[in-house]
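S.K.: Pasting a predicted model and its sequence here:
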Amino acid sequence: MGLFTTKSISDLRAEASEKHGMKKTLSTGALIALGVGVVIGAGLFSITGIAAADYAGPAIVISFIIAAIGCAFAGLCYAEFASSIPVAGSAYTYSYATMGEFVAWIIGWDLILEYAVGASTIASSWSGYFYELLHSLGFSLQRQLMMTPFETVTMPNGEILRGIINLPSVFIVTVMSLILMHGTKGSARLNNVIVVLKVGIVLLFIFIGFHYIDKSNLTPFIPANQGSFGKFGWTGIFRAAGLIFFAYMGFDAVSTTAQETKNPQKSMPYGILGSLLICTILYVLFAHVLTGVASYKSFSGAGNDLAPVATAINHMGTVGPNGHIIPAFPWLNRIIMVA
């Protein structure tokens, strides 16, 4: 029976008191910024093109709405728990209060694994962007020092390189860890800056791209199914929704700050659902521009995370004498690499 011993909400609230807990510094605005900062990431710049090319076509915007509805229900559950049990720990704490210590122990390790894998994935993705940025600026760093020992890459001359250590990933994880160790208030301020940068770039892409939308790229809006489940048509829209759910991952991180929130009962629902709403609007507009500027078929076999966005940006221009498009904003790709 000890394995399934639960901890009462009153005991959890006592642990979250100012005397024993963390300093309450976060407001509703900070929670929304945190949610937007965590949700908007590399997934938007890679998965959108892949899902459009292989499953949904221009109807990827419907897939984003479907995925958002699913996230909203999960967000309501997190908001309810976070308001009732304003203690750090997220799903671990909620499981401890409802299903017992053993289930909470499993959930706790799942959370550690989730955040570890998520952080390492994003760090590796950032390393790839960093490599492309250096390359575009005319600098070079030994490729093997930007890859893990588990990675291999085939060079144009046929040479196969095996990674040694991903130094940029180690660097960015170390820097972010030091910032988090400095305190919640400081990391929240940095997060606000990052959020402004991310949202600004997404809005810049949307604003510029709207002027280059070709309606023929959006027709048919829902490509006909190709005879198999999930290959375009309505089944493709739902399959794409399952894939791009990854782009929404992270909104639950808002609930982990309940103990550091000034008024969790009020701020948590607004923070979780508000960030989801903002991200959904940005995602729908972003996907509409992406598939409107370039045909969804051009995103097939992109080969790297930035290719779908780069393809769209390269279609924002004028047609040259040889029939090829001359990009009007080559610097926009460089900005996205930096961000």
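M.R.: That came through fine.
S.K.: Low-confidence ranges, the stretch 1-150 of the chain, go.
M.R.: Along the stretch 1-150 of the chain, segments meeting pLDDT under 70 span 1-2, 8-9, 12-23, 42-43, 46, 88-89, 125, 128-129, 132, 136.
S.K.: give me that answer again for 50
M.R.: Residue ranges of the stretch 1-150 of the chain with pLDDT under 50: none are present.
S.K.: quick one, helices of it?
M.R.: Assigned helices in the stretch 1-150 of the chain, in chain order: 9-15, 28-39, 42-51, 60-84, 91-98, 101-136 (criterion: DSSP state H, counting those that start in this stretch).
S.K.: Those: which one's closest to residue 266?
M.R.: In terms of Cβ to Cβ, the element of these nearest to residue 266 is helix 28-39, at 7.0 Å. The C-beta positions use only the backbone N, C-alpha and C, and glycine is treated the same way.
S.K.: what angle separates that closest one from helix 101-136?
M.R.: Angle of helix 28-39 versus helix 101-136, following axes from the mean of the first three to the mean of the last three Cα atoms, to 10 degrees, is 70 degrees.
S.K.: ok, and what's touching helix 28-39?
M.R.: For helix 28-39, the surrounding residues in contact (Cβ atoms under 8 Å, 6 or more residues apart in numbering) are 26, 188, 191-192, 194-195, 198-199, 247-251, 253-254, 257, 261, 263, 266-268, 270-272, 274-276, 278-279.
S.K.: Next, the angle helix 60-84 makes with that helix.
M.R.: Using the same axes, to 10 degrees, the inter-axis angle of helix 28-39 relative to helix 60-84 is 130 degrees.
S.K.: Name the residues of helix 28-39 that are buried.
M.R.: Buried residues in helix 28-39, counted by 16 or more other Cβ atoms under 10 Å: 28, 30, 31, 32, 33, 34, 35, 36, 37, 38, 39.
S.K.: now that helix, how far from the chain's geometric center?
M.R.: Remark: helix 28-39 is offset 12 Å from the chain centroid, using Cα atoms, centre = their mean, to the nearest Å.
S.K.: how about the helices of the stretch 151-300 of the chain, start to end?
M.R.: With DSSP H, counting those that start in this stretch as the criterion, the stretch 151-300 of the chain has helices at 167-182, 184-210, 233-244, 264-293.
S.K.: helices and strands around the longest one, which ones?
M.R.: In this case it means helix 264-293. Helix 264-293 sits against helix 28-39, helix 42-51, helix 60-84, helix 184-210, helix 307-314, with contacts defined as 3 or more Cβ pairs under 8 Å, 6 or more residues apart in numbering; DSSP states H and E.
S.K.: Just the pLDDT at the nearest residue to residue 285 once chain neighbours are set aside, thanks.
M.R.: Distances taken as Cβ to Cβ, 6 or more residues apart in numbering put residue 206 closest to residue 285, at 4.9 Å, once the chain neighbours are dropped. pLDDT for residue 206: 90.
S.K.: and of the helices of the stretch 1-150 of the chain, who's closest to residue 313?
M.R.: Ranking the helices of the stretch 1-150 of the chain by proximity to residue 313 (Cβ to Cβ) places helix 42-51 first, at 11.0 Å.
S.K.: what is the orientation angle of the closest one with helix 233-244?
M.R.: Using the same axes, to 10 degrees: helix 42-51 against helix 233-244 is 160 degrees.
S.K.: how much distance is there from helix 42-51 to the middle of the chain?
M.R.: With Cα atoms, centre = their mean, you get 9 Å for helix 42-51.
S.K.: Could you dump the buried residues of helix 28-39 into CSV and include distance to residue 145?
M.R.: CSV is the format used below for the buried residues of helix 28-39 (distance: Cβ to Cβ, whole Å):
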residue, distance to residue 145
28, 43
30, 37
31, 38
32, 38
33, 34
34, 33
35, 34
36, 33
37, 29
38, 29
39, 31
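S.K.: Can I get the buried ones among the contacts of helix 28-39 as something I can paste into ChimeraX?
M.R.: Buried members of the contacts of helix 28-39, defined by 16+ other Cβ under 10 Å, are picked up in ChimeraX with:
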select :26,188,191,192,194,195,198,199,247,248,250,251,253,254,257,261,267,268,270,271,272,274,275,276,278,279
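S.K.: circling back: quick one, which of the helices and strands packed on helix 264-293 is nearest to residue 149?
M.R.: With Cβ to Cβ as the measure, helix 42-51 is the member of those nearest residue 149 (22.0 Å).
S.K.: Output the closest one as PDB, restricted to C-alpha atoms.
M.R.: Coordinates of each C-alpha in helix 42-51 appear next as PDB, following Å, rounded to 0.1, in the frame of the first residue of the first chain:
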ATOM      1  CA  ALA A  42      12.400  24.700 -34.300                       C
ATOM      2  CA  GLY A  43       9.300  22.600 -34.900                       C
ATOM      3  CA  LEU A  44       7.500  25.500 -36.600                       C
ATOM      4  CA  PHE A  45      10.300  25.900 -39.100                       C
ATOM      5  CA  SER A  46      10.700  22.300 -40.000                       C
ATOM      6  CA  ILE A  47       7.600  20.200 -39.300                       C
ATOM      7  CA  THR A  48       5.200  22.600 -41.100                       C
ATOM      8  CA  GLY A  49       6.800  22.000 -44.400                       C
ATOM      9  CA  ILE A  50       7.100  18.300 -44.000                       C
ATOM     10  CA  ALA A  51       3.500  17.900 -42.900                       C
END
